[in-house]
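Colleague: show me the folded form of this:
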Amino acid sequence: SMSLDIHCEQLSDARWLELLPLIQQYAVVRLDDCGLTEAHCKDIGAALRANASLTELCLRTNELGDAGVHLVLQGLQSPASKIQKLSLQNCCLTEAGCRVLPGALRSLPALRELHLGDNPLGDAGLQLLCEGLLDPQCHLEKLQLEYCNLTAASCEPLAAVLRAMQTLKELTVSNNDIGEAGARVLCQGLADSACQLETLRLENCGLTPASCKDLRSIVAAQASLSDLDLGSNGLGDVGIAELCPGLLSPGSRLKTLWLWECDITASGCRDLCRVLQAKETLKELSLAGNNLGDEGARLLCESLLQPGCRLESLWVRSCSLTAACCQHFGSMLTQNKHLLELQLSNNKLGDPGTQELCQALSQPGTVLRVLCLGDCEVTNSGCSSLASLLLASRSLRELDLSNNCVGDPGVLQLLGSLEQPSCTLEQLVLYDTYWTEEVEDRLQALERSRPGLRVIS
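Modeller: Purely as a prediction, here's the structure:
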């Protein structure tokens, strides 16, 4: 199936005339941040009416406005419409523009995914959207509503949708101030819901420790729930203690748990460790931006050595860690056979900590594939242990060393290893790292000789 994919391009009139016939025939049309306005939407509407094979339309980050969105929706509404995925994020859609949504949703029976984030719909606009979602002709599976200026008042209509819609699998309400009261209403809707929700994203929603009590019963009861994103909410250790019994219940099958910036310390970490040790289903955990300290890291490493832990990805960036935690990570990494990604950026590990990690990962049999050490106070002298690691490790595929105190001498040591045929690294990330033209020439020669390697800077 052919796709038209254009990003960040201001379209001239001539270019627009070239594209219109393609918009009429491609199954996938993405015009992301192309400076489109209401004036283009008449053309788009007409082109869409002629397109019998369209399954995906993305017009995100264009100032279409309410009138423009209306024209686009009219173009989509033919009896033969096959559109499954519609992205209108950041298109200046307001409450007034939502009046056409109930009719539109009724006439798009194939629609499965709707992205309306970054539009100021407000509670009144959301109410209109929900009217459309409750139509029996609507079989939506994914609904994305982040940054839509919603408050607790929107949670009653959303709860009604959760109760009625059997098809809904994914709901994103992140970055709306629904607060404790709103979250409670959503959880009640989920408790009585007909749907098999798999993903619930409530990041930065003004949740409190008390919200964790409401979430606990949902997590325990919804066996379908595999991805729970609660980052940037003040849950605290008290909230985590409330949530964990739900996570530990036999019904809970979470695969991904995001708890970044939730005011968790080593004490909350101890509760989460019980979940890590007991739940083989848990594969991804983010605790980034929590003040866990080296004691929290020690507890996590201990859990990662338990046979019940099958975690594959751990994010502990900006967790107030020091070089002292690297012995724990080191001994864990030499023995753990499941962890594939470790994100340690923005912790003061320094060269001694880095060296300890490298020694561990240079042991035969380690399995880690992605290591992030951006902004960890690594200097040129720390690069010698990283250079040896690149030659010793058979598993490491991605290394991020962005924003460290590394210049020519360090980069040259890394290059020396990357130039060896035995080195298996595929991606080296070096944002905010500076080197001379001489080193740049050698880097470019390296990338030409090793097409499997990307150096991103």
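Colleague: so, low pLDDT: which residues of the protein?
Modeller: Applying pLDDT under 70 to the chain flags residues 1.
Colleague: what residue in it is the furthest from its centre?
Modeller: For the chain, the largest distance from the centre (Cα atoms, centre = their mean) belongs to residue 438, which lies 37.4 Å off.
Colleague: how about it: what's its closest non-neighbour residue?
Modeller: Sequence neighbours aside, residue 408 is the residue nearest to residue 438 in space, at 7.9 Å (criterion: Cβ to Cβ, 6 or more residues apart in numbering). Just so you know, the C-beta spots here come from the backbone N, C-alpha and C atoms, and that holds for glycine as well.
Colleague: that neighbour reaches residue 437, doesn't it?
Modeller: No: taking Cβ atoms under 8 Å as the definition, residue 408 is not a contact partner of residue 437, at 10.5 Å.
Colleague: give me the more crowded residue out of the two.
Modeller: Using other Cβ atoms under 10 Å, the more surrounded residue of residue 408 and residue 437 is residue 408, with 14 against 7.
Colleague: ramachandran coordinates for that one?
Modeller: According to degrees, to the nearest 10, the main-chain angles of residue 408 amount to phi -50, psi -50.
Colleague: who's in contact with it?
Modeller: Residue 408 sits next to 435, 436, 438, 439 when contact means Cβ atoms under 8 Å, 6 or more residues apart in numbering.
Colleague: residue 166 versus residue 141, what's the distance?
Modeller: For residue 141, the distance to residue 166 equals 10 Å [Cβ to Cβ, to the nearest Å].
Colleague: between the two, who's got more neighbours?
Modeller: residue 141 (17 against 9).
Colleague: OK, contacts around the more buried one?
Modeller: Taking Cβ under 8 Å, 6+ apart, one finds 112, 113, 167, 168, 169, 170 in contact with residue 141.
Colleague: secondary structure for those - can I get that in TSV?
Modeller: Formatted as TSV, these follow (DSSP: H, G, I helix; E, B strand; the rest coil):
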residue	secondary structure
112	coil
113	strand
167	coil
168	coil
169	coil
170	strand
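Colleague: and which of those residues is nearest to residue 191?
Modeller: residue 168 (14.6 Å; Cβ to Cβ).
Colleague: test my guess that that closest one contacts residue 159.
Modeller: No: taking contacts as Cβ under 8 Å, residue 168 lies outside contact range of residue 159: 11.9 Å.
Colleague: and residue 285, helix, strand or coil?
Modeller: strand.
Colleague: correct me, but residue 420 touches residue 391?
Modeller: Yes: counting by Cβ under 8 Å, residue 420 touches residue 391, with 6.1 Å between them.
Colleague: those two - which one has more neighbours?
Modeller: Taking other Cβ under 10 Å, residue 420 and residue 391 do not tie; residue 391 has more neighbours (15 against 10).
Colleague: contacting residues around that one?
Modeller: Contacts of residue 391 (Cβ under 8 Å, 6+ apart): 417, 420, 422, 423.
Colleague: may I ask which two of these are separated the most?
Modeller: 417 and 422 (9.1 Å).
Colleague: so if I had to pick from the two, which one is more boxed in?
Modeller: residue 417 (19 against 9).
Colleague: skipping adjacent residues, who's closest to the more buried one in space?
Modeller: Closest residue to residue 417 apart from its sequence neighbours, by Cβ to Cβ, 6+ apart: residue 390 at 3.9 Å.
Colleague: again with residue 241
Modeller: In space, residue 241 is closest to residue 271, 5.3 Å off (Cβ to Cβ, 6+ apart).
Colleague: CA atoms only for the helix or strand where residue 448 lies - export them in CSV, please.
Modeller: For residue 448, the enclosing helix or strand under DSSP states H and E is helix 437-449. In CSV, the C-alpha atoms belonging to helix 437-449 read as follows (Å, rounded to 0.1, in the frame of the first residue of the first chain):
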residue,chain,number,x,y,z
GLU,A,437,37.2,18.6,11.7
GLU,A,438,39.9,15.9,11.6
VAL,A,439,37.9,13.7,13.9
GLU,A,440,34.8,14.5,11.8
ASP,A,441,36.5,13.2,8.7
ARG,A,442,37.5,10.0,10.4
LEU,A,443,33.9,9.6,11.7
GLN,A,444,32.5,10.0,8.2
ALA,A,445,34.9,7.5,6.8
LEU,A,446,33.9,5.1,9.5
GLU,A,447,30.2,5.5,8.7
ARG,A,448,30.9,4.9,5.0
SER,A,449,32.9,1.7,5.8
